[in-house]
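Participant: Dropping a prediction and its sequence here:
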Amino acid sequence: MSFDFKRALQKEINVGLKEQKIRYGVGAAAAVASVFLGNIPLLLLGAILLYTGKSRWCPVYSGLSKSTVDPNEPEPTCCGGHHGHSH
């Protein structure tokens, strides 16, 4: 398995909803723990996990052509599905 650096920079949805929740949990725990421990690398890890969870894009997954998105999960939508339509 080879790592494609050019592909790693292409933003795509490759983090599934289940993994997104895990990234939020572990990222938040790492960020909070880093504050108490005064550990900058742990803070950076937490921030990276929170960002990749929020964006649902992992550059490492892109470079490895990997995805944890379940084909049965709903398509991600911009703005929570609200596109300025009035009711």
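Facilitator: Yep, that arrived.

Participant: what comes into contact with the helix ranked longest in the chain?
Facilitator: Identified as the longest helix of the chain according to DSSP state H is helix 17-37. Identification of contacts with helix 17-37 by C-beta atoms under 8 Å, 6 or more residues apart in numbering yields 15, 39-40, 42-43, 45-50, 52-54, 56, 68-70, 73. Placement of C-beta: from N, CA and C, glycine included.

Participant: The residues you listed, buried ones only, as a ChimeraX selection?
Facilitator: Per 16 or more other C-beta atoms under 10 Å, the buried members of these correspond to this ChimeraX selection:
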select :15,42,43,45,46,49,50,52,53,56,69
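
Participant: still on that earlier bit, following the longest helix of the chain, which helix or strand comes up?
Facilitator: Using DSSP states H and E, the helix or strand that directly follows helix 17-37 along the chain is helix 40-55.

Participant: List the contacts of that next one.
Facilitator: The contact list for helix 40-55 (C-beta under 8 Å, 6+ apart) reads 11, 15, 19-24, 26-35, 58.

Participant: if we can go back for a sec, quick one: buried residues of the longest helix of the chain?
Facilitator: Result for helix 17-37 [16+ other C-beta under 10 Å]: buried residues 19-20, 23, 27, 30-31, 34.

Participant: Remind me what the worst-scoring helix or strand of the chain on mean pLDDT packs against, helices and strands.
Facilitator: Least confident helix or strand, the chain: helix 5-8 with a mean of 92, by mean pLDDT, DSSP states H and E. Packing contacts for helix 5-8, counted by 3 or more C-beta pairs under 8 Å, 6 or more residues apart in numbering; DSSP states H and E, involve helix 59-63.
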